[in-house]
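S.K.: would you be able to build a 3D model of this:
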Amino acid sequence: MGSSCEDDRRAQGGAEWGVWVGYMRHCSWRSWRCARRWAPGVRRLGPPARPPLLRPASRGLRRLSRRWSGPWRAWSTGLSRQEASGSCGATAHQVVCATRSGGLVGRSRANGKITWQVLAAGSGKSAGLVVDSAHERAVSGVGGVLQAANLRTGRAAWTKRLAVGRVYVGIGAADGTVYAFDAPLHTAGNVALTALRASDGTPLWRRDVAADPVEGIAAFGGRVYTTDGRRVTARTARTGDTVATSPPGTACPHLASGGHYLVCTGSPLSAEDVFPPMRRLDPTTLEPLPTPKDTGQKPVRALISPDGVLMLFEASAEDSSAGDWNAYDLKSRRRLWSYYDTTPEGAFTDGRFVTFTPGNDRVTRGRVITIDLHTGPQATGAAAPAMSASYPQTRDGEGPLLIVPGDTARHVVVMARTHGSLRSMPLP
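M.R.: Prediction:
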């Protein structure tokens, strides 16, 4: 933490940063709509004893930074009850977790120990967590409150509160701007999108929007994109003015993005058994572009690499607990490879796709696997798949989540949700 965040900027290769939307995998702002339709409940078993939390006093923070500094190493640590109910992200320098009440906790990359904490007393549904390493901010949303922390100092950066009766239902960040959806707490009503300066929380603009906050937001190239299921709207990141909409007939139940690519897929929350084909959109005009053909199954999760490989977890509409990760090259418009799996957890790092091995495979289950993005699981030699050892946190029953600090870290962090804990391990 005592070192500069310049490595984070270099790790991004100067490319547009894209959007972190507090993945649906963290059961965050997705629950805003799910609560109105299915009201799911997640029961977590008792976590380990709560580790000590530290107030971010400047002298103590400097002392801890020296004692717990160093490169990424292998470690395992328990999470507090508040952290285990939240979500976590990472930069090249640290792990950052959001608590159930909207607070933020920084942990050392060297041993997982707590190095700073920003307290909060919020309540309600989580709108997610975004970690903007390039601009040294982490932002969490709970109920009607946004809380931001300075990643360099470990202190509170700013706080924003909505009027009574409205709550945040989704957040994202790109290019030094935080984007926050809010909606009425108890009734269906207008959804608003607000842009705030990441450094100090200054509101830049606010617009009532026709958008489904759980179905994706993207921002790059000076624009921010949303979908209402029927069409995609592009707005200028500077003023929020509408500059383009997708043509009629271009259904977009879910908007996926990565690099400078936009792809519409069917919704993972849909109760239907027929899904519209995925379509790539031109970021400038929002006109459909030639797109590889998908399998027609339910699209559960979509990730797009900076070089245009779409990883789409597709499963049966009747049972999405198992399916296939399919790799599609958006530039050559062909499917590259497929990998059977029982989790929609995945991430990119160093030209490889990272996920967990199938939970129903007795030989390989409970491991992290990395697969070359272009040659797939059948590759040999240096491009061959690689697997980690099996750990308690990587077992299927833990509902594990992947946290990738970036290409330069050469480590991956696994968050176990059933028994709250974190494990850092070298990238296989």
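S.K.: where do the strands of the stretch 1-150 of the chain begin and end?
M.R.: Taking DSSP state E, counting those that start in this stretch, the strands of the stretch 1-150 of the chain run over residues 75-78, 87-90, 94-98, 104-108, 114-118, 126-132, 137-142, 145-150.
S.K.: packing partners of the host helix or strand of Ala234?
M.R.: Applying DSSP states H and E as the criterion places Ala234 in strand 232-236. Packing partners of strand 232-236 (3 or more Cβ pairs under 8 Å, 6 or more residues apart in numbering; DSSP states H and E): strand 223-227, strand 242-245. Where C-beta positions appear, they are placed from N, C-alpha and C, glycine not excepted.
S.K.: compare those and give me the one nearest Gly308.
M.R.: strand 223-227 (16.9 Å; Cβ to Cβ).
S.K.: between strand 232-236 and the closest one, find me the angle.
M.R.: 160 degrees (axes from the mean of the first three to the mean of the last three Cα atoms, to 10 degrees).
S.K.: list of residues touching strand 223-227?
M.R.: Strand 223-227 is contacted by residues 174, 179, 193, 195, 209, 211-212, 215-219, 232-237, 240, 243, 252-255, 257, 262, 264, 283 when judged by Cβ atoms under 8 Å, 6 or more residues apart in numbering.
S.K.: report the distance from it to the chain centre.
M.R.: Put simply, strand 223-227 sits 17 Å off its chain's centre (Cα atoms, centre = their mean, to the nearest Å).
S.K.: and what of stretch 193-209?
M.R.: 20 Å.
S.K.: same question for stretch 163-183.
M.R.: That offset, for stretch 163-183, works out to 15 Å (Cα atoms, centre = their mean).
S.K.: do the same with stretch 325-341
M.R.: Taking mean C-alpha positions (Cα atoms, centre = their mean), stretch 325-341 and its chain are 21 Å apart.
S.K.: how far does it stretch from start to finish?
M.R.: In stretch 325-341, first residue to last residue: 7 Å (Cα to Cα, to the nearest Å).
S.K.: what residues of that stretch count as buried?
M.R.: 325-330, 335-337, 339, 341 (16 or more other Cβ atoms under 10 Å).
S.K.: what mean pLDDT does it get?
M.R.: Stretch 325-341 shows a mean pLDDT of 97.
S.K.: out of the buried residues of stretch 325-341, which are inside strands?
M.R.: Counting by DSSP state E, the buried residues of stretch 325-341 place 325-329, 335-337, 339, 341 in strands.
S.K.: and the furthest pair within these?
M.R.: Maximum distance among those (Cβ to Cβ): 19.7 Å, for Asp329 and Asp341.
S.K.: is it true that Leu196 touches Pro203?
M.R.: Yes: Leu196 is within contact range of Pro203, at 5.5 Å (criterion: Cβ atoms under 8 Å).
S.K.: need the overlap of contacts for the two.
M.R.: With Cβ under 8 Å, 6+ apart, Leu196 and Pro203 have common neighbours Lys160.
S.K.: looking at the two, which is more packed in?
M.R.: Leu196 (23 against 11; other Cβ atoms under 10 Å).
S.K.: and the more buried one, that one's in a strand?
M.R.: Yes: the assignment for Leu196 by DSSP: H, G, I helix; E, B strand; the rest coil puts it in a strand.
S.K.: please name the bridge partners of it.
M.R.: Val178, Pro203 (DSSP bridges).
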